[in-house]
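Asks: please work out how this folds:
(one chain, ligands or ions: 1)
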Amino acid sequence: MMQARFSRWGLAVLASLPFAALAADPKPWQLNMGRGVTASSQHAYDAHMLALWICVGIGAVVFAAMGYAMFKFRHSKGAVPDTSFTHSTRLEIVWTVVPIILLVVMAVPATAKLIAMYDTRESEMTIKVTGVQWLWKYEYLGEGVEITSRLDRESDRLRQNKATTRAELDAHPAYLLDVDNPLVVPTDTKIRFVITADDVIHSWWVPALGWKQDAIPGIINEAWTEILEPGVYRGQCAELCGKDHGFMPIVVRAVPKAEFEQWLASSKAAGQTTDEPSQVPEGGTGNAPRSVDPDMIEDVQQGEEPAAPQAPEEAAAPADAPSAD
Ligand SMILES: [Cu+2]
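Replies: All right, here's what the predicted structure looks like:
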């Protein structure tokens, strides 16, 4: 009995080894947000920590002033309320100017980081993500490789079986977080994502990458990532998209470039391909979060791949139009 329990523990430990990089994913009772594994996620973390420490400073000053006032001017020491008090012009100026300075101190780096987050230029490859009720489709544009990623069979079996026990769930470390075909991406590569949906609005979200992007039918949203550390990073659909919204997890497996090339070649050889390689739409101008190119939207609505713009000048034109936000 004891032997069996130990070997079960051993199996669980072994099974969790490939997920050693899970450190980037949230843990139960984790305080604070994670740093993630990309420059974007590090930027988000830095902006968050700056705001946090400013809040801590404000809290300390306000509570100290309250405490001091309550202790120093207490009733038992004969303090009398100042009923003729109106205001202090000097204090009014101080508590208007200081918050303005704090807001600017936070807004300037945050804006720079936000602009960098939307800058999809100079990406080395493009992956099209399509949300479908209730799975994800990934297409390596220009490579002709397309994969469908859905909840792994074991999770699906356990969740549908009313007789499933707690022990069975515990024995499956990635219950409801695993997929049959993870999205395989190379590390140290700027990857552009074009994100859309087939039916309803979904949202592609992997916390370790540091961003979340809506997948909307008829609209192509852009995002990019450059993963620094190999590992398995997990996420979820973050937009309520129907009854199985909670059962379309995301798994990103980041591997070194050479290993990715091997994987891509073997996927092609295995026939996991579309009929003909899709064309790669040109990257945006770096400041447009969503494409407002009517041709691109029409293509997607008709279930076709967005065609590449004819010339770079034409590609730049739609981005000058006001954002569809
Ligand atoms: Cu969804």
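Asks: so where's the stretch 51-200 of the chain shaky on pLDDT?
Replies: Residues of the stretch 51-200 of the chain meeting the criterion pLDDT under 70: none.
Asks: up against the ion, what does it have?
Replies: Not one residue of the stretch 51-200 of the chain sits near the ion, judged by C-beta under 5 Å from the ion. C-betas here are computed from N, CA, C, even on glycine.
Asks: one more pass at 6 Å, please.
Replies: For the stretch 51-200 of the chain, the contact set with the ion under C-beta under 6 Å from the ion comprises Gly131.
Asks: now do the helices in the stretch 51-200 of the chain.
Replies: Assigned helices in the stretch 51-200 of the chain, in chain order: 89-117, 153-160, 166-170 (criterion: DSSP state H, counting those that start in this stretch).
Asks: hey, what's the residue of the stretch 1-150 of the chain found nearest the ion bridged with?
Replies: Nearest residue of the stretch 1-150 of the chain to the ion, counting by C-beta to the ion: Gly131, 5.3 Å away. Gly131 has these beta-bridge partners by DSSP bridges: Trp136, Ala197.
Asks: cool, and Ile191?
Replies: In this structure, Ile191 has the following beta-bridge partners (DSSP bridges): Met125, Thr225.
Asks: list the contacts for Thr164?
Replies: For Thr164, the set of contacting residues under the criterion of C-beta atoms under 8 Å, 6 or more residues apart in numbering consists of Leu158.
Asks: measure it to the ion for me?
Replies: Going from Thr164 to the ion by C-beta to the ion, to the nearest Å gives 23 Å.
Asks: what does that residue show for phi and psi?
Replies: Recorded main-chain torsions at Thr164 are phi -60, psi 130, according to degrees, to the nearest 10.
Asks: quick revisit: the residue of the stretch 1-150 of the chain closest to the ion contacts Ile219, doesn't it?
Replies: No - with contacts counted by C-beta atoms under 8 Å, Gly131 stays clear of Ile219, the gap being 11.7 Å.
Asks: ok, Val232 - how many residues close by?
Replies: The tally of other residues near Val232 (other C-beta atoms under 10 Å) stands at 21.
Asks: pop out the phi and psi values for it.
Replies: Given degrees, to the nearest 10, the pair of backbone angles that Val232 has is phi -110, psi 120.
Asks: Pro249 is in contact with that one, correct?
Replies: No - here Val232 lies out of contact with Pro249, judged by C-beta under 8 Å, at a distance of 11.7 Å.
Asks: check contacts around Glu226.
Replies: Taking C-beta under 8 Å, 6+ apart as the criterion, Glu226 is in contact with Thr38, Ala39, Asp188, Thr189, Lys190, Ile191.
Asks: Arg234 is in what secondary structure piece?
Replies: Arg234 is located in strand 231-237, with elements delineated by DSSP states H and E.
Asks: mind giving me the packing neighbours of that strand?
Replies: Helices and strands touching strand 231-237, by 3 or more C-beta pairs under 8 Å, 6 or more residues apart in numbering; DSSP states H and E, are strand 202-206, strand 250-255.
Asks: joint contacts of Gly131 and Ile219?
Replies: Both Gly131 and Ile219 are contacted by Thr196, under the criterion C-beta under 8 Å, 6+ apart.
Asks: surely Pro217 forms part of a helix?
Replies: No - the assignment for Pro217 by DSSP: H, G, I helix; E, B strand; the rest coil gives coil, which leaves it out of any helix.
Asks: and it, how far from Lys257?
Replies: Summarising the geometry, the distance separating Pro217 from Lys257, computed by C-beta to C-beta, to the nearest Å, is 33 Å.
Asks: so the two - more neighbours on which side?
Replies: Taking Pro217 and Lys257 together and counting by other C-beta under 10 Å, Pro217 has the greater number of neighbours (16 against 12).
Asks: tell me the pLDDT of the more buried one.
Replies: The predicted local confidence for Pro217 comes out at a pLDDT of 94.
Asks: ok, now which ones touch the residue nearest to it when sequence neighbours are not counted?
Replies: Distances taken as C-beta to C-beta, 6 or more residues apart in numbering place Ala197 nearest to Pro217, at 4.8 Å, with adjacent residues excluded. Counting by C-beta under 8 Å, 6+ apart, Ala197 makes contact with Thr130, Gly131, Val132, Ala215, Ile216, Pro217.
Asks: one more time with 6 Å
Replies: If you count contacts by C-beta atoms under 6 Å, 6 or more residues apart in numbering, Ala197 has them with Gly131, Ala215, Ile216, Pro217.
Asks: with that, I have no additional questions.
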